[in-house]
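1. Structure for the following, please:
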Amino acid sequence: MIGRRTKIVATLGPSSSETSTLDALVAAGVDVFRLNFSHGTHETHAATFAAVRQAAARAQRHVAILQDLSGPKIRTGRLAGGQPIRLEDGGELRLAAGDREGSRDRVFTAYAELIESAKPGDRLLLDDGKIELKVTGKATGELVTQIVNGGMLGEKKGINAPGVQLPPSAVTAKDEKDLRFGLELGVDLVALSFVQVAADIEKARSIVRDAAKDVPLIAKIERPQALEHLDAILGAADGVMVARGDLGLECPLEQIPRIQKAIVARARALGRPVILATQVLESMRTEPRPTRAEVSDAATAVDQGVDAIMLSGETASGEFPVRSVQTLAAVIADAETVAMPAALLGADVLLEGLDVAKAPEGFETLRRHGRAMCEAAVTLASAARADAIIAMTRLGKTAQLLSSLRPRASILAVTPSDAVARRLNLYWGVQPLVSDLVDLRALETPIRASGHLPSGAVVVFFNITADLTRQDANFLNVQQL
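-> Here you go, the predicted structure:
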């Protein structure tokens, strides 16, 4: 039976690398596995990729693999002897460009653009905000800073620069190499870190085209500059991720809930899938149960209508990876028992104020006959009290359109492509089924055999195409299985 609508993304790591754990995670309901290319080698990622494919095959499920590129992550460099240093409140610390060993007086970063872009008065946050610096001056190749909040600083810790205008370049030389490797490997989705403008997406898109691949690109929203160009980014990308980790450091913390809500609404308006990420069940890295606040946070995301919720450290390095997925699945399932207005809100309501000039290619066509057909299918399914809408789709676009409308009926996407079936796992309410697209009567057998629908279920068969001259498409048909 088709159950949970909101999908689960799980990050892979040391805690989830064993075969038995992967099998358990798939059984617990993971729809997409994330490979974090900020860590690991090509060899380890290739082995993990193969292990996921094997686990999905054993479970006879289509599970997607998301490659998450590291992007221009700003980090501190090496320290003398590899030992942490203590930074005292009120002291001075120089931050220099280069790849040398740092000390209590001076630390280095390979990201020279930060040294060039920061100016006196700017704040720098190190190690997830645990340490705060204030830029007081500049010297040749380095920043002079005052330590506002000190502490122990280890090697290769992240640096956030709220308000600092950094060059828009979400695809580094490392990312380009990693992306080409991932495309050759056969990843289903790619996430781009620290996207600031639409051009960041286009650079990655050109690499995908050069590789003759068709892989959706997910823009991770982590910097305030991305919010200023959100519609253009949504138009260029195939989906977005609300990456609350860095976003919570780059923006005032109290603004994160409304920023999250706004991103979800804008993504919904363009029919773009949206993933909510970071610290969803953070306490389950070390505890067998989440906090009440974490449960409420996940349920709120369901109410807002996100397509997927992502677990990071919970499944990558936590002590309870499988239980974390089981817990999130239970929270989602319960939240979905209530028809919340935001989650089931038709996208037309969200289109108000949308800058259509920045919308994706074909958006106007989508809004005309394609969208009209989808709305007709949803209306028909509602009037007929159908159990499911069966979308016949070669590239997945029909199922994606239906998903954006959030119908009350389940969506069963029938496609002849395994690759399309895997990536459709990211979309709200879509359950993929691989089968040849023949006449409707012939499709009844594989649909019944899939076990997704009960015998006697009322279904709406649905197909659309942009080619209005074709006589074998653009149809609606109500049947009982």
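2. the strands in the stretch 251-400 of the chain, which residues?
-> Along the stretch 251-400 of the chain, the segments classed as strands by DSSP state E, counting those that start in this stretch run 274-277, 308-311, 388-392.
3. go on, the stretch 51-200 of the chain?
-> 64-68, 85-87, 92-97, 106-109, 123-126, 131-139, 142-149, 151-153, 159-160, 189-192.
4. right, and those strands - which one's nearest Asp436?
-> Set against Asp436 and scored by Cβ to Cβ, those come closest in strand 64-68, at 21.7 Å. Any C-beta I mention is one placed from the backbone N, CA and C, and that applies to glycine too.
5. How many neighbouring residues does the closest residue to Phe194 other than its chain neighbours have?
-> Nearest residue to Phe194 in three dimensions, chain neighbours excluded: Gly71, at 4.2 Å (Cβ to Cβ, 6 or more residues apart in numbering). Residues lying near Gly71 (other Cβ atoms under 10 Å) number 23.
6. Likewise for Arg385?
-> Look at Arg385: counted by other Cβ under 10 Å, it has 9 neighbours.
7. what's near enough to touch Ala59?
-> Shown in contact with Ala59 (Cβ atoms under 8 Å, 6 or more residues apart in numbering): 23, 26-27.
8. which of those tops the neighbour count?
-> Val26 (22 neighbours).
9. isn't that residue right up against Gln60?
-> No: assessed by Cβ atoms under 8 Å, Val26 is found out of contact with Gln60, at 10.0 Å.
10. Just want to check the distance between the residue nearest to Phe194 and Gln225.
-> Going from Gly71 to Gln225 by Cβ to Cβ, to the nearest Å gives 13 Å.
11. One more: Arg123?
-> Taking Cβ to Cβ, one finds Arg123 at 16 Å from Gln225.
12. With Asp127 instead?
-> Relative to Gln225, and taking Cβ to Cβ, Asp127 is found at 22 Å.
13. just to revisit the earlier point, quick one, which of the strands of the stretch 51-200 of the chain gets closest to Ala413.
-> Closest approach to Ala413 among these (Cβ to Cβ): strand 64-68, 13.1 Å.
14. Just list what the closest one packs against, helices and strands only.
-> The contact analysis (3 or more Cβ pairs under 8 Å, 6 or more residues apart in numbering; DSSP states H and E) places strand 64-68 against strand 32-36, helix 42-59, helix 173-185, strand 189-192, helix 418-423.
15. in the last one, what's buried?
-> Read that as helix 418-423. Buried residues in helix 418-423, defined by neighbour count with 16 or more other Cβ atoms under 10 Å: 419-423.
16. Please apply the same query to stretch 103-118.
-> Judged by neighbour count using 16+ other Cβ under 10 Å, the buried positions of stretch 103-118 are 107-109, 111, 113-115, 118.
17. Relative to Leu270, which of those is nearest.
-> The nearest member of those to Leu270, counting by Cβ to Cβ, is Glu113 at 30.6 Å.
18. The closest one reaches Leu166, doesn't it?
-> Yes: taking Cβ under 8 Å as the definition, Glu113 is a contact partner of Leu166 at 5.8 Å.
19. so what's in contact with those two at the same time?
-> Pro72.
20. What is the burial count for Glu319?
-> By other Cβ under 10 Å, neighbour count at Glu319 equals 13.
21. dump the residue contacts of it.
-> Going by Cβ under 8 Å, 6+ apart, Glu319 touches 15, 285-286.
22. can you give me phi and psi for it?
-> Glu319 has phi and psi values of phi -80, psi -20 when expressed as degrees, to the nearest 10.
23. Quick check: it vs Met392, distance?
-> For Glu319, the distance to Met392 - Cβ to Cβ - is 44 Å.
24. what's the answer for Asp200, then?
-> According to Cβ to Cβ, Asp200 and Met392 sit 35 Å apart.
25. more neighbours, those two?
-> Asp200 (26 against 22).
26. now that one, nearest residue through space, not along the chain?
-> Nearest non-adjacent residue to Asp200 (Cβ to Cβ, 6+ apart): Ala170, at 3.6 Å.
27. Got phi/psi on that neighbour?
-> In terms of degrees, to the nearest 10, the main-chain angles of Ala170 are phi -80, psi -10.
28. need the contact list for it.
-> Contacts for Ala170 were tallied using Cβ under 8 Å, 6+ apart; they are 71-72, 192-196, 200-201, 203-204.
29. 7 Å - rerun?
-> Applying Cβ atoms under 7 Å, 6 or more residues apart in numbering to Ala170 gives the contacts 71-72, 192-196, 200.
30. Kindly report the same for Arg5.
-> By Cβ under 7 Å, 6+ apart, the contact list for Arg5 reads 336, 428-429.
31. please redo it, this time with the cut-off set to 10 Å
-> 302, 305, 307, 332-333, 335-336, 343-344, 403, 406-408, 410-411, 427-431 (Cβ atoms under 10 Å, 6 or more residues apart in numbering).
32. Now, of those, which are buried?
-> 302, 305, 307, 332, 335-336, 343, 403, 406-407, 410-411, 427-431.
33. hmm, back to that, could I get the contacts of Glu319 as a markdown table with pLDDT and distance to Gly182?
-> Compiled in a markdown table, the contacts of Glu319 are given as follows (pLDDT from 0 to 100; distance: Cβ to Cβ, whole Å):
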| residue | pLDDT | distance to Gly182 |
| --- | --- | --- |
| Ser15 | 96 | 22 |
| Arg285 | 96 | 26 |
| Thr286 | 97 | 31 |
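34. With distance to Ala383 added, can I get those residues in TSV?
-> Output for those, formatted as TSV (distance: Cβ to Cβ, whole Å):
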residue	distance to Ala383
Ser15	48
Arg285	47
Thr286	50
